[in-house]
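**Q** Kindly return the folded structure for what I paste below:
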Amino acid sequence: MSIQQSDVAYTAVATAANGRDGRVATNDGQLDVVVNPPKELGGSGAGTNPEQLFAAGYSACFQGALGVVAKNENADISGSTVTAEVGIGKNDDGFGLIVKISAVIPNVDAATAPRRSCRRGCPGSPTARRP
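**A** Sure, this is the predicted structure:
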């Protein structure tokens, strides 16, 4: 199911200047960050890089989706954390990203959580469906 324009509750707007070696800021002024490529990609490594920002946002959104599932399943996820690892590298088409998500959920039985949480598709995944 695709998102329809009328379903959009919020749109984030950010603008980058000078790409990976410059500055990125949101239109509301809440985020204004100097970005530099990591040393592994030939940069100075002096500041935040775009992959770190992507990992921060992805992990926060994934934990938010996890919270929705937990609420629907009456599960306690207090004290949980979600970590996103974002890698960038060359592929056949140029460059690509790979994202690895790991979650620590102290109050949920790991053996049953994935089956319960992803019955209808994990939130945010291409297979997610509305109940």
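
**Q** quick one: contacts for the most centrally placed residue in the chain?
**A** Compute the mean C-alpha point of the chain, and by C-alpha atoms, centre = their mean the closest residue is Tyr58, 0.7 Å away. Applying C-beta atoms under 8 Å, 6 or more residues apart in numbering, we find Tyr58 in contact with Ala84, Val86, Val99, Ile101. From N, CA and C alone the C-beta is placed, and that goes for glycine too.

**Q** hang on, isn't Val99 packed against Ile88?
**A** No - applying C-beta atoms under 8 Å, one finds Val99 not in contact with Ile88, separated by 10.4 Å.

**Q** So if I had to pick from those two, which one is more boxed in?
**A** Set side by side, Val99 and Ile88 show more neighbours around Ile88, with 17 against 14, by other C-beta atoms under 10 Å.

**Q** Output the below-cut-off pLDDT ranges for this structure.
**A** 1-5, 110-131 (pLDDT under 70).

**Q** Which residue ranges of it form strands?
**A** All strands of the chain, identified by DSSP state E, fall at 14-17, 22-26, 32-35, 81-91, 94-104.

**Q** And for the first one, what's in contact with it?
**A** It stands for strand 14-17. Residues from elsewhere that reach strand 14-17 (C-beta under 8 Å, 6+ apart): Gly22, Arg23, Val24, Ala25, Thr26, Asn27, Leu31, Val35.

**Q** List only buried entries from those residues.
**A** For the contacts of strand 14-17, a burial check counting by 16 or more other C-beta atoms under 10 Å picks out Val24, Ala25, Val35.

**Q** The first one: what's its closest spatial neighbour, skipping adjacent residues?
**A** This points to Val24. Spatial nearest neighbour of Val24, excluding adjacent residues (C-beta to C-beta, 6 or more residues apart in numbering): Ala16 at 4.6 Å.

**Q** any idea how far Asp92 is from the one you found?
**A** Between Ala16 and Asp92 the computed distance is 26 Å (C-beta to C-beta, to the nearest Å).

**Q** Look at the two and report which has more neighbours.
**A** Neighbour count, other C-beta under 10 Å: between Ala16 and Asp92, Ala16 has more, with 13 against 5.
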